[in-house]
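Visitor: one predicted model, sequence on top.
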Amino acid sequence: MDESARRRIEEYVRPLAVGLDGVTNYGDVRRMVSAAEAIAGDRDDLDRDFLFLLAVFSGQERWVARMGHRSRTEIFLASLGVPPRTVQRLFRGLSRFATAPVSPEEEIVHDAVRLDAMGAYGIARGLIDGYRERLDIPEMAEAVEAAAEAPLSTESGRALAADRRAFMREFARRLRAEHGEFGRE
């Protein structure tokens, strides 16, 4: 897949990614592609086009699965020369990479999604989500810890997550301590 096709795919996904959940923006899609590339490193056993597609469409699983959107996406990708087998792998991969990745590319995007929810960036996004869900401070601390403990599938993902995990654990500990400092029970 050439750079022009990648740009057109990104343009196709842009309106899908912007604001679906109230906080996502297009930069998050680009972050996901960059995170997947960082985790993939210089591995030569990967289908880079498939990895790109999984990363770009990650977060769009429900939209792509809806009636009409799947066939629209298939037609669009075919018009760019994406082989039908790759499109089918994309749809299968989107339905499972978050919970049960089976290919190296799915494992990488699984880790990219989890990595994006870690560290300072992940905490900021998590607190926004927690506020929207009306969580209290102890519940937010628990959610931060849960995100820090999320299992990763690749060694490179685990290496990139190490400092982020430590930061999140410390943040949750301090959040609880400061919350309890002046609280009345």
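Guide: It's in. Not measured: the values here are computed from a predicted model.

Visitor: can you check which helix is longest in the protein?
Guide: Among the segments of the chain that qualify as a helix by DSSP state H, the longest is helix 155-181.

Visitor: now the protein, which segments are flagged as low pLDDT?
Guide: Counting by pLDDT under 70, the ranges of the chain that qualify are 17-27, 67, 184-185.

Visitor: quick one: the helices in it?
Guide: 3-17, 26-40, 48-57, 61-65, 69-79, 84-96, 104-116, 119-132, 137-148, 155-181.

Visitor: can I get these in CSV with mean neighbour count?
Guide: C-beta here means a position set from N, CA and C on the backbone, and glycine is covered the same way. Supplementary listing: these in CSV, determined by neighbours: other CB atoms under 10 Å:
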stretch, mean neighbour count
helix 3-17, 15
helix 26-40, 19
helix 48-57, 23
helix 61-65, 14
helix 69-79, 14
helix 84-96, 16
helix 104-116, 24
helix 119-132, 16
helix 137-148, 18
helix 155-181, 15
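
Visitor: any figure for the gap between residue 167 and residue 6?
Guide: Plainly put, residue 167 is 32 Å away from residue 6 if you go by CB to CB, to the nearest Å.

Visitor: same check on residue 89?
Guide: Applying CB to CB to residue 89 and residue 6 gives a distance of 17 Å.

Visitor: next: residue 129.
Guide: The gap separating residue 129 from residue 6 is 29 Å, by CB to CB.

Visitor: name the nearest residue to the residue positioned nearest the centre of the chain, ignoring sequence neighbours.
Guide: Of all residues in the chain, the one closest to the mean position by CA atoms, centre = their mean is residue 113, 2.5 Å from it. Nearest residue to residue 113 in three dimensions, chain neighbours excluded: residue 58, at 5.7 Å (CB to CB, 6 or more residues apart in numbering).

Visitor: surely that neighbour meets residue 115?
Guide: No - with contacts counted by CB atoms under 8 Å, residue 58 stays clear of residue 115, the gap being 11.8 Å.

Visitor: what is in contact with those two at once?
Guide: Taking CB atoms under 8 Å, 6 or more residues apart in numbering as the criterion, residue 58 and residue 115 do not both touch any residue.

Visitor: can you count the residues close to residue 58?
Guide: Look at residue 58: counted by other CB atoms under 10 Å, it has 26 neighbours.

Visitor: give me the phi and psi for it.
Guide: Main-chain dihedrals, residue 58, degrees, to the nearest 10: phi -60, psi 140.

Visitor: likewise for residue 117?
Guide: Reported as degrees, to the nearest 10, the phi and psi values for residue 117 are phi -90, psi 10.

Visitor: test my guess that it contacts residue 147.
Guide: Yes - Residue 117 is within contact range of residue 147, at 4.9 Å (criterion: CB under 8 Å).

Visitor: who touches both of the two?
Guide: Common contact partners of residue 117 and residue 147 (CB under 8 Å, 6+ apart): residue 126.

Visitor: thanks a lot, see you next time.
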